[in-house]
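**Student:** everything below, folded, please.
(2 chains)
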Amino acid sequence: MAAKSRCIIIGASHAAAQLAPTLRQQGWSGAISLISNEYALPYHRPPLSKDYLAGSKTAEQILIRPAAVYSKCNIGINLGVTAAAIDRPNKQLLLEDGMALDYDKLVLTTGARVRKIDIPGVDLKGVFYLRDLSDAQQIKMFTGIDKRAVIIGGGYIGLETAAALRKLGMQVTVLEAMPRILQRVTAPEVAAFYARIHAEEDVEIVPDVQAVSIRGDKQVQSVECHDGTEYKADLVIIGVGVIPNTELAEQAGLNIDNGIVVDEYARTSDEDILAAGDCTSHYNPIYQRHLRLESVQNALDQATVAANTICGNLKPYSALPWFWSDQYDLKLQIAGLSQGYTDVVVRGDIDGSRSFAAFYMRESKLLAVDAVNRPQEFMFGKRLIMQGTELDPAKLADDSLPLKTLLNQ
Amino acid sequence: MPRVTYIEADGQSHEVNLEAGSSLMQGALDNMIDGIVAECGGSCSCATCHCYIDADWVDQVEPAGEMETDLLDCVSEPKDNSRLSCQVKVGDELDGLVVHLPTTQF
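**Tutor:** Below you'll find the predicted structure:
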């Protein structure tokens, strides 16, 4: 490896914060430059809708690594800089300000951005999306005891935000366009559980309703729905999903298919350009299909693979996806992907308590687990999914039988 | 700034200073110490920051909570002195603390 070689990483993300120091650890001796159009060092995004919003963590406390780590690893950080294009034949990254940077290896950790909705009033003061630290910082200025918040979208971000705002003493309404919350990601049983909990916490959840207009005079005052109902609001937060940032890759002619297509070594269709995290689409050998994941686990694991690939250690990426969501006193841990399930087996009292596990089965095999305040079911559930053995639903449902006993020894 | 010694499974030892009040996990990440993975970033969700508190220090560290205890049951090679490093906050009273890291976090 030539001493003068340079690796450029685009996007100050979870993946970048993992990748840059790992490159050093793996022996990359060339320059490392991290370029981001944000103004903050890489930070943990999950707390933005949880501890950071609720005020129990500061911006500094959610940094993934302190500035000293980057300087110690001799990683150049360029914040507030936007990449404009990739010139593949000349191996140059062109910046918006006209500069051109030579690269030997380029890594796209560009993440995803919020899906926007096009209804009147989205530009009013007090209407926000939530993805970046700056979004959360602005939202905080509109929070306050007994103020009203309307959240458009009953997915995890919407529900976590609802819980954080309740903690701040706000009156919260969640508007969901589908017949139930969490429609895309959980079984009806789990969605019903979260609907009950939010009702117990005095959050109003309104399913089957389409927000058609946001009203106000400069500042938001209310949200109007398709059926004529209107919800007063001092603050509106829209959380209706994200789309991957693939434009740079697309303009450079790289393969795109619901994300930047990468192989098991995190390489795009150009072997000197790699990608990791939410912006990628990769083949998962466990589920035997291409996946684009929105998760910290994927960002970290794929970034580690990318760093190894760049340093010449080809280690294929093959990980079981996992996710988490904190709301109130509930810790939800999700192992695996439930798409294509045929049955749901529930362990514990899902209708009356705050702790249960839902096992998503395809025939007699376990695909995924949603575990609420059940870390053991989550941890051993992961292993059961990986084992891929046939399981007896009656045993999975039997709360007196530790899940550990179902593992092959 | 409390000083903490992390000893990896292969015997490699790292003596580092932590910001008072930060977690053992953050201290390991900030100093690029292998052996602490910390996938969830410290929210007591993943059990990939498992460590063992040195026998001389066990009594001086606050005990684990319920969630952490349950997660510790699932790590490979759990012991009586097992902890999730994200849940151990290091103040000046733990200056000199020694922790041992497991062979694997998975």
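
**Student:** who does residue A:332 bridge with?
**Tutor:** With DSSP bridges as the criterion, residue A:332 is bridged to residue A:325, residue A:372.

**Student:** stretch A:308-322 close to chain B?
**Tutor:** Yes - judged by Cβ under 8 Å from any Cβ of the partner chain, stretch A:308-322 comes into contact with chain B at residue A:322. The way it works is simple: take the backbone N, C-alpha and C, and place the C-beta from them, glycine included.

**Student:** list the contacts of that stretch.
**Tutor:** Identification of contacts with stretch A:308-322 by Cβ atoms under 8 Å, 6 or more residues apart in numbering or on different chains yields A:1, A:7, A:22-23, A:26-28, A:105, A:107, A:264-267, A:274, A:282, A:284-286, A:291, A:293, A:295, A:297-298, A:301-302, A:305, A:333-337, A:378, A:382, A:385-386, B:39, B:46.

**Student:** let's see that with 6 Å instead.
**Tutor:** A:26-28, A:105, A:264-266, A:285-286, A:293, A:297, A:301-302, A:305, A:335-337, A:382 (Cβ atoms under 6 Å, 6 or more residues apart in numbering or on different chains).

**Student:** residues in contact with residue A:364?
**Tutor:** Residue A:364 makes contact with A:390, A:391 under the criterion Cβ under 6 Å, 6+ apart.

**Student:** repeat that with 10 Å
**Tutor:** By Cβ atoms under 10 Å, 6 or more residues apart in numbering or on different chains, the residues touching residue A:364 are A:342, A:343, A:389, A:390, A:391, A:392, A:393.

**Student:** packing partners for the strand or helix carrying residue B:25?
**Tutor:** According to DSSP states H and E, residue B:25 maps onto helix B:24-30. In terms of contacts (3 or more Cβ pairs under 10 Å, 6 or more residues apart in numbering or on different chains; DSSP states H and E), helix B:24-30 is packed against helix A:67-72, strand B:3-7, strand B:13-17, strand B:22-23, strand B:50-53, strand B:82-84, strand B:89-90, strand B:98-100.

**Student:** could the ones you listed go into CSV alongside distance to residue A:142 and mean neighbour count?
**Tutor:** Formatted as CSV, the helices and strands packed on helix B:24-30 follow (distance: least, Cβ to Cβ, whole Å; neighbours: other Cβ atoms under 10 Å in any protein chain shown):
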stretch, distance to residue A:142, mean neighbour count
helix A:67-72, 30, 14
strand B:3-7, 41, 19
strand B:13-17, 39, 14
strand B:22-23, 31, 20
strand B:50-53, 40, 24
strand B:82-84, 35, 24
strand B:89-90, 32, 20
strand B:98-100, 43, 20
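
**Student:** including mean pLDDT and distance to residue A:214, could these go into JSON lines?
**Tutor:** Formatted as JSON lines, the helices and strands packed on helix B:24-30 follow (pLDDT from 0 to 100; distance: least, Cβ to Cβ, whole Å):
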{"stretch": "helix A:67-72", "mean pLDDT": "91", "distance to residue A:214": "39"}
{"stretch": "strand B:3-7", "mean pLDDT": "97", "distance to residue A:214": "51"}
{"stretch": "strand B:13-17", "mean pLDDT": "95", "distance to residue A:214": "50"}
{"stretch": "strand B:22-23", "mean pLDDT": "92", "distance to residue A:214": "41"}
{"stretch": "strand B:50-53", "mean pLDDT": "97", "distance to residue A:214": "47"}
{"stretch": "strand B:82-84", "mean pLDDT": "97", "distance to residue A:214": "43"}
{"stretch": "strand B:89-90", "mean pLDDT": "94", "distance to residue A:214": "43"}
{"stretch": "strand B:98-100", "mean pLDDT": "97", "distance to residue A:214": "52"}
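
**Student:** could you find the closest non-adjacent residue to the residue in chain A that chain B sits nearest to?
**Tutor:** Nearest residue of chain A to chain B: residue A:379, at 3.4 Å (Cβ to the nearest Cβ). Leaving aside its chain neighbours, residue A:379 sits nearest to residue B:74 (3.4 Å; criterion: Cβ to Cβ, 6 or more residues apart in numbering or on different chains).

**Student:** re the thing from before, the helix or strand hosting the residue of chain A closest to chain B: which residues count as buried?
**Tutor:** Assigned by DSSP H and E, residue A:379 falls within helix A:375-387. Buried residues in helix A:375-387, counting neighbours by 16 or more other Cβ atoms under 10 Å in any protein chain shown, are found at A:375, A:376, A:377, A:378, A:379, A:380, A:381, A:382, A:383, A:384, A:385.

**Student:** export those to a markdown table and tack on distance to residue A:54 and pLDDT?
**Tutor:** Below are those laid out as a markdown table (distance: Cβ to Cβ, whole Å; pLDDT from 0 to 100):
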| residue | distance to residue A:54 | pLDDT |
| --- | --- | --- |
| A:375 | 22 | 92 |
| A:376 | 27 | 92 |
| A:377 | 27 | 95 |
| A:378 | 23 | 95 |
| A:379 | 27 | 92 |
| A:380 | 31 | 93 |
| A:381 | 28 | 96 |
| A:382 | 28 | 94 |
| A:383 | 33 | 92 |
| A:384 | 34 | 96 |
| A:385 | 32 | 96 |
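
**Student:** export whichever strand or helix holds residue A:367 as PDB, just CAs?
**Tutor:** Assigned by DSSP H and E, residue A:367 belongs to strand A:365-372. Provided in PDB are the C-alpha atoms of strand A:365-372 (Å, rounded to 0.1, in the frame of the first residue of the first chain):
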ATOM      1  CA  LYS A 365     -39.100 -22.200  11.700                       C
ATOM      2  CA  LEU A 366     -38.400 -19.000  13.500                       C
ATOM      3  CA  LEU A 367     -37.900 -15.900  11.400                       C
ATOM      4  CA  ALA A 368     -37.900 -13.000  13.900                       C
ATOM      5  CA  VAL A 369     -38.600 -12.100  17.500                       C
ATOM      6  CA  ASP A 370     -40.100  -8.900  19.000                       C
ATOM      7  CA  ALA A 371     -39.200  -8.900  22.600                       C
ATOM      8  CA  VAL A 372     -40.500  -6.300  25.000                       C
END
